[in-house]
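S.K.: What follows is a predicted protein model with its sequence.
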Amino acid sequence: TYYSKIIEICNDKWKTVKLAKSIGVPTPNSFQNPGQAIESIKQDETSFPLIVKPRLGSASFGLQVVYDVDQLFVAFENCKYLISKSFFANFAEPNSSVIIQSFLEGFEYGLDIFNDLFGKYHGSICKKKLRMRGGETDKATTIKNEMLENYSKKIATNLRHIGNLDCDFIEYNNNFYLIDLNPRFGGGYPFSHMAKGNL
C-alpha cells in the first residue's frame, strides 16, 4: 500500500537520501560502498571523517566513525557482519545493507512534522537539542527557523504521511542537513508537548 511505502522510505536511510535529493532538502554526502566514497574524496567532494552505519537500524546500532581508507574498509565489512547477525538481517538486502555518509559536526535539531489523516501538512515544531544520551534527547529548547519550516513543508507535502513524523537535522556551515525520518512520535516529543505543541 501507499502507507507501507512511506514507512519503507523512512526506515531505509538510502531511500530517505533519495527522497530528500528529489525534493531539494540537503543531506550529508551518501554512498553505498567504499569505492564510491573514495572516488568522491578524490574529486574533493567529500572528506574524512565518514560515518558507516546500517541502512536499516535504530539507536546508533552498528554506527562507526572512520578517519582513513583502511578504517573505512574494516568498518564497512564489520557493519555488514553485525547486520547479518542481527534482527535487521530479516529485512536488509545482503549486498546493499550499509550506508556511508559524511560526518557533519554541529547542533542537532528534532522536528515534529504533523499531517492530518489525509496527509495534508498542518505545521511543524522544531527543537534544538542541547544534551543527548544514547541517541535520545535529554535537554532541548523549541525554536522558530524559516529554513527548517520550509524543509518540513517540502517533506510533508511530498511524503504525505499521516500524523506525526519525527525528523532530525544537523546544522553545518549555515545550512541544515536531513539525517533521519521516523514515522512516529519520537523520544523528543515531550519537549514539543511542554511547549504547548499538543499534537
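M.R.: On my side now, so go ahead. Note that the coordinates shown come from a computational prediction; the quantities given were computed from them, not determined experimentally.
S.K.: Can you pull the poorly scored residue ranges out of the protein?
M.R.: Segments of the chain classed as low confidence (criterion: pLDDT under 70) are 58-60, 87-95, 134-135.
S.K.: 80 instead?
M.R.: Applying pLDDT under 80 to the predicted model, the residue ranges of the chain that meet it are 1, 57-62, 86-95, 132-138.
S.K.: Quick one: the helices in it, in order.
M.R.: In order along the chain, the chain carries the following helices (DSSP state H): 2-11, 13-23, 34-42, 69-84, 146-159, 189-194.
S.K.: Now render those helices as JSON lines, adding mean neighbour count and distance to residue 167.
M.R.: All C-beta atoms are positioned from the backbone trio N, CA, C, and that covers glycine. Compiled in JSON lines, the helices of the chain are given as follows (neighbours: other CB atoms under 10 Å; distance: least, CB to CB, whole Å):
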{"stretch": "helix 2-11", "mean neighbour count": "14", "distance to residue 167": "9"}
{"stretch": "helix 13-23", "mean neighbour count": "18", "distance to residue 167": "10"}
{"stretch": "helix 34-42", "mean neighbour count": "16", "distance to residue 167": "25"}
{"stretch": "helix 69-84", "mean neighbour count": "17", "distance to residue 167": "24"}
{"stretch": "helix 146-159", "mean neighbour count": "18", "distance to residue 167": "7"}
{"stretch": "helix 189-194", "mean neighbour count": "17", "distance to residue 167": "12"}
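S.K.: Let me see the contact set for the residue nearest to residue 22 when sequence neighbours are not counted.
M.R.: Of all residues beyond its chain neighbours, the one nearest residue 22 is residue 158 (7.7 Å), with distances taken as CB to CB, 6 or more residues apart in numbering. By CB atoms under 8 Å, 6 or more residues apart in numbering, residue 158 lies in contact with 19, 22, 23.
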